[in-house]
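Novice: model this:
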Amino acid sequence: AASHAIMRIKQVQRTANVAWSDASLERIMLATGTDAQQLDATFSTNAALEVFTLNTESSSLDMPVVATIPSAQRFHQLSWSAPNEHAPYGWLLGGMDDGSVNMWSPDLMFSGRANPLVCETKHHSGPVRTIDLNPLQTNLLASGSSNGEIFIWDLNNPTKHLTPGAKSTPVEDISGVAWNRCVAYILATTTPGGRTTVWDLRTNKSVMVIHDPSGRMRCKSVAWHPEQATQLAVASENDTAPIVQFWDLSSAHSPVKEISQHSRGILAMDWCSRDANMLLTCGKDNRILCCDPSSNVPGGELVAELPHANNWVFEVKWCPRDPGLIAASSFDGTVSVLSITGGGSSNGDATGMSAQRHNSNAGASVTHAPKWFKRPVGAQFAFGGKLVTFSPNGVKVRAVALNKEVAASARQLDEALCADEHQTVSEYCRTKINELADNAADQSVWRCLLASFQPDSRRQLMKFLGYREEDMRAQIAGAALAGEAHDSTAAQLENHSAASVPGDVFGKAASAQEQLLCNAIVSGNFDVAVDLCLGANRIADALMLAIVHGGDLLTRVQAEYFARKQSSLSQLLNMIIDHKWADLAASCKTEDWKEVLALFLAYADSEEVDRLATHLGDRLVASNGPHASFAATVCYICAGNLEAFARLTEQQHPLVGSQEQRVARLQDIVQKCLLFRKALAAKDRAIPLPPALCSHVRQYVELVAATGSLETANNLLSVIEPNEMEALSRMLMQRLAFARSAEPAPKEAGPIPDPVPGYYQQQQQQQQ
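Specialist: Here you go, the predicted model:
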């Protein structure tokens, strides 16, 4: 059920009959013709035909007049035909008080080029109280007058007329005419005496006469069911029996039901062509009611009561273009435009603005949503790469292939994650490297990931950083050839200066200092021997003696060595020997990140590398320097820090931009992070997925599932451990399980009811 407040959105001060412009016209217009059944306080007999436009953007209740012309006679009823080749705005047709049926051209009214009164035919002997246009054969007009006169007019040749058959007896005035909505050659007429006659124009005679068995009816109006060809409604203006009777001509012994919501006689009714469950009636009790003819509630079910007038309401009509709008005329001198959809029109017009500003004119609410809110056809993508469509022919479920690139990429990722062979994963990484030939930064990240997959990953990561053993050996060999002569001369000088007497192991033939040093060594007094060497600046000999002795002596000699040697090499050796990695990670220049990271990989143990490389990566991120993001990514890969790697990868590829860009970036994040996690798992490092990465994996799996690759989607979602899954991931897992267990070929559902009553029947008839 739905509730829509009913609003009065426009009004004009006229006592007039009304006619809406045809549904095919883009602009909604309302024509009014001065009513013949009233006089004002001045007893003026002036009459006019006017056309108003519905300016929905205006907050005023007034409607702008777009055309007005005087009329010699007043109106009993007014109709507006569909456009044709001779009339781009259709024809305005009036049943006049003098017995004439007049035809005006709205086009000429708007332009003022000529007299808009195209035709005036006066064949009726009395006032033409009722007219109706054939909805299926739009050039036919029926008119009814006194003395039982019923004429059929062809608007293509309006000077001539036909009759549907011999007059019924007893002869009575015709109070209502109505063409059948489903069969073009069937016409119904009704009389105040309570007789309703059904005419067949093929045989030019009446085929049925119905009347109230109780004799209570004083028939004022007749209307056909919009969808059922054999059902019609007759309204009574009798104050003692203000009812609407519904008849089914397939069994016309008595009415099938009655609506008795009015307290006084009913003056007009209109059956909505877009929703057969909505019938408008108005009457002498100043009320406008909308009832449901299909309801079996005794006395009828009231769908809505529109804002009431201060006098009798003698005409009410649905708007053909926007069925949410209703025009109502009353003897209090007002023509009102009401909306039953909360002020907003169903075709997107902004009538809600006006309605909200005049909510004091609001009436009750509609108890259920009108049928025109229901879509006649529709389509919706469903889970698992399915497309569900509905139409009058039924509901169909089809498998559709969308985002084939995503599906193919996901299958390759799934194969790489499921593969046990090192070669398969390596090939996947090489494929990504080749695909990213125009993106050097991403290409380098994939090269680093490829290195981390190798059995000797540390050595391969050193190569990635530029420290290849083969290259260094080649450089050393080149340097040796260039300095060979110099090295030979230096060696000769050194040998000469250090020459000793053959066989003199203990230095007896040497200097006094040399003898003292030998004695200290022979006696095992290494501290004295080292002090003698350091005093003579014989650092190499001191180091050799300290190595033999070991312990604190070696530490003291190393410290002395580094204190005397302040070269870059000595500082590097000092860090290596003393394991000052934390100081190096905290104080090194960020532009030296490659060298520092290589040192960690070469000398630190695994746990230290994880901690030190993460710290170095954090410093690089904070520095925000050139290429710092890429350098930090490499550090996090070397550290095996999946969470930091995922966080930084997302910062490098934010999920913004067009849909295509967001999909590509999400895919890149998931591919890199899951491959990195697999590299860690290969080294027996079980790393849980960070919550943010779990969310990205779920989003990616949803994309993959939308391509119809359910097995691949299920495999990718399985990388999230059960204890890591949030509620949405668990729900997605259940949906995948259900979709995978469903039948492989979706079945088509049977036909569904016509969502827009009568629409498709009319289309089929037009095609025929």
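Novice: Where does the residue lying closest to Ala692 once chain neighbours are set aside fall, secondary structure wise?
Specialist: With Cβ to Cβ, 6 or more residues apart in numbering as the measure, Ala646 is the residue that lies nearest to Ala692, at 6.6 Å, once sequence neighbours are left out. Heads up, the C-betas are built off the backbone N, CA and C, glycines and all. With elements taken from DSSP states H and E, the one containing Ala646 is helix 642-652.
Novice: mind saving the C-alpha coords of that helix as CSV?
Specialist: Extracted C-alpha coordinates of helix 642-652, given in CSV (Å, rounded to 0.1, in the frame of the first residue of the first chain):
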residue,chain,number,x,y,z
LEU,A,642,51.7,-7.0,3.9
GLU,A,643,49.6,-4.4,5.8
ALA,A,644,52.0,-1.5,5.0
PHE,A,645,52.4,-2.7,1.4
ALA,A,646,48.6,-2.8,0.9
ARG,A,647,48.0,0.6,2.5
LEU,A,648,50.7,2.2,0.4
THR,A,649,49.4,0.5,-2.8
GLU,A,650,45.9,1.9,-2.1
GLN,A,651,47.4,5.4,-1.7
GLN,A,652,49.2,5.0,-5.0
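Novice: Tell me the helix or strand right after it.
Specialist: Heading C-terminal from helix 642-652, the first helix or strand you meet, by DSSP H and E, is helix 659-682.
Novice: In PDB, could you pull the C-alpha coordinates for that next one?
Specialist: Listed next in PDB are the C-alpha coordinates belonging to helix 659-682 (Å, rounded to 0.1, in the frame of the first residue of the first chain):
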ATOM      1  CA  GLN A 659      33.900   3.300 -13.100                       C
ATOM      2  CA  GLU A 660      36.500   1.900 -15.500                       C
ATOM      3  CA  GLN A 661      39.400   3.600 -13.600                       C
ATOM      4  CA  ARG A 662      38.100   2.400 -10.200                       C
ATOM      5  CA  VAL A 663      37.800  -1.200 -11.500                       C
ATOM      6  CA  ALA A 664      41.400  -1.100 -12.900                       C
ATOM      7  CA  ARG A 665      42.800   0.300  -9.700                       C
ATOM      8  CA  LEU A 666      40.900  -2.100  -7.500                       C
ATOM      9  CA  GLN A 667      42.200  -5.000  -9.600                       C
ATOM     10  CA  ASP A 668      45.800  -3.700  -9.400                       C
ATOM     11  CA  ILE A 669      45.600  -3.500  -5.600                       C
ATOM     12  CA  VAL A 670      44.200  -7.000  -5.200                       C
ATOM     13  CA  GLN A 671      46.600  -8.600  -7.700                       C
ATOM     14  CA  LYS A 672      49.700  -7.200  -6.100                       C
ATOM     15  CA  CYS A 673      48.600  -7.800  -2.500                       C
ATOM     16  CA  LEU A 674      47.500 -11.400  -3.000                       C
ATOM     17  CA  LEU A 675      50.600 -12.300  -5.000                       C
ATOM     18  CA  PHE A 676      52.700 -10.800  -2.300                       C
ATOM     19  CA  ARG A 677      50.900 -12.800   0.300                       C
ATOM     20  CA  LYS A 678      51.500 -15.900  -1.700                       C
ATOM     21  CA  ALA A 679      55.200 -15.100  -1.800                       C
ATOM     22  CA  LEU A 680      55.200 -14.800   2.000                       C
ATOM     23  CA  ALA A 681      53.300 -18.100   2.400                       C
ATOM     24  CA  ALA A 682      55.900 -19.900   0.200                       C
END
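Novice: where in this structure is pLDDT low?
Specialist: Counting by pLDDT under 70, the chain shows low-confidence ranges at 1-5, 41, 342-364, 469, 471-526, 543, 557, 561-563, 565-578, 742-768.
Novice: What does Ser718 show for phi and psi?
Specialist: phi -70, psi -10 (degrees, to the nearest 10).
Novice: Next, work out how far apart Arg611 and Tyr467 are.
Specialist: As for Arg611, its distance to Tyr467 is 21 Å (criterion: Cβ to Cβ, to the nearest Å).
Novice: wait, doesn't Lys672 sit right on Cys448?
Specialist: No - using Cβ atoms under 8 Å, Lys672 is not in contact with Cys448, being 10.1 Å away.
Novice: re the thing from before, against which helices or strands is the helix holding Ala646 packed?
Specialist: Using 3 or more Cβ pairs under 8 Å, 6 or more residues apart in numbering; DSSP states H and E as the contact criterion, the neighbours of helix 642-652 among helices and strands are helix 606-623, helix 628-639, helix 659-682, helix 691-706.
Novice: which residues are contacting the shortest one?
Specialist: Counting contacts by Cβ atoms under 8 Å, 6 or more residues apart in numbering, the residues outside helix 628-639 that touch it are 441, 444-445, 448-449, 452, 461, 464-465, 590, 593-594, 597, 600-601, 609-614, 616-618, 620-621, 644-645, 648-649, 651-652, 676.
Novice: of these, buried ones?
Specialist: For those, a burial check counting by 16 or more other Cβ atoms under 10 Å picks out 444-445, 448-449, 452, 461, 464-465, 590, 593, 597, 600-601, 609-614, 616-618, 620-621, 644-645, 648-649, 652, 676.
Novice: Please name the residues that touch the residue nearest to Ala268 when sequence neighbours are not counted.
Specialist: In space, and not counting its chain neighbours, Ala268 is closest to Glu315: 4.9 Å by Cβ to Cβ, 6+ apart. Contact criterion Cβ under 8 Å, 6+ apart gives 17-18, 267-268, 282, 327-329 as the residues in contact with Glu315.
Novice: Mind checking which of those are in strands?
Specialist: By the criterion of DSSP state E, membership of the contacts of Glu315 in strands covers 17-18, 267-268, 282, 327-329.
Novice: Buried ones only from those residues, please, as a PyMOL command.
Specialist: Under the burial definition 16+ other Cβ under 10 Å, those of these that qualify are selected in PyMOL by:
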select buried, resi 17+18+267+268+282+327+328+329
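Novice: State the pair within the ones in strands among the contacts of Glu315 that is farthest apart.
Specialist: The distance between the two most remote of the ones in strands among the contacts of Glu315 (Cβ to Cβ) is 14.5 Å, for Leu267 and Ala327.
Novice: who's in contact with the residue nearest to His615 when sequence neighbours are not counted?
Specialist: Nearest residue to His615 in three dimensions, chain neighbours excluded: Ala585, at 4.7 Å (Cβ to Cβ, 6+ apart). With contact taken as Cβ under 8 Å, 6+ apart, Ala585 is in contact with 596, 600, 612, 615-616, 619.
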